[in-house]
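>>> Need the 3D shape of this:
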Amino acid sequence: MPDESEAQRKAAREREALEEWLRTNRAETARRDLTDAAPETDRGTATYTQKEAIDRAAHTPAVHADLRASRTPAFSRDEETRLAERDRDYAELYPTPDAWERSFPVLSPPDDSQERAQYDDLARFQKEADKVTPEQKSRVDQALAEVNLSDKIGASADVSARPRPSEPEPVEKARDIGKDLQKSGVEMDK
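Below you'll find the model as predicted:
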């Protein structure tokens, strides 16, 4: 099987050569792959600014790789404090269920007997509100059965009476005001 091992070594050498070429020509490869490459040109149809941006991107190491290698913090102290304030504000605006329970704990019954009676009444009414007796259910069902609903909406011509405003007409209102003024002794010019 010497031919097979020689073929594997040759393929490995070619792969290494290709990877080396890709590493050295990273900017050109990025430009060719990321631009709208027209078939008649090897530079594509990108503008000069786009080509410069691609060159810078290809030669600039990733930020997170630098931070991980140098163990430097991603944010300054000022940015960290602003982010902590934002997180605190968000926690106040949108509390989790656990935080809500801590903020508004379940109240224990009061010690005073009169207050305790009110507390017990409230608890009893809340329990009763959740329970519907069969008698109440039958009354609701009966009331719903008596309702006559139609899915048709009548035309505006089906209205039997003309709507009237609740206020009197302006002329009638002026007469009433004039009569009131006459009764009180005010003389009006004609």
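>>> What's the separation between the residue most central in space within the chain and residue 100?
Nearest to the centroid of the C-alpha atoms of the chain, with distances taken as C-alpha atoms, centre = their mean, sits residue 94, at 12.2 Å. Note on residue 94: its distance to residue 100, by C-beta to C-beta, to the nearest Å, is 10 Å. C-beta coordinates here come from the backbone N, C-alpha and C atoms, glycine included.
>>> Please spell out which residues along the helix ranked longest in the chain are buried.
In the chain, taking DSSP state H as the definition, the longest helix is helix 2-24. For helix 2-24, burial by neighbour count (16 or more other C-beta atoms under 10 Å) applies to no residue.
>>> Relative to the whole chain's centre, how far out is that helix?
Helix 2-24 sits 53 Å away from the centroid of its parent chain (C-alpha atoms, centre = their mean, to the nearest Å).
>>> what do you get for stretch 74-83?
26 Å.
>>> Dump that stretch to CSV, restricted to CA.
C-alpha atoms of stretch 74-83 as CSV (Å, rounded to 0.1, in the frame of the first residue of the first chain):
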residue,chain,number,x,y,z
ALA,A,74,-14.3,44.2,27.7
PHE,A,75,-15.7,47.4,29.4
SER,A,76,-14.2,50.2,31.3
ARG,A,77,-15.2,50.8,35.0
ASP,A,78,-17.5,53.7,33.9
GLU,A,79,-19.2,51.4,31.4
GLU,A,80,-19.5,48.6,34.0
THR,A,81,-21.2,51.0,36.4
ARG,A,82,-23.6,52.2,33.7
LEU,A,83,-24.4,48.7,32.7
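>>> which stretches of this structure have low pLDDT?
1-2, 27, 29-47, 61-70, 129-130, 151, 153-165, 167-168, 188-190 (pLDDT under 70).
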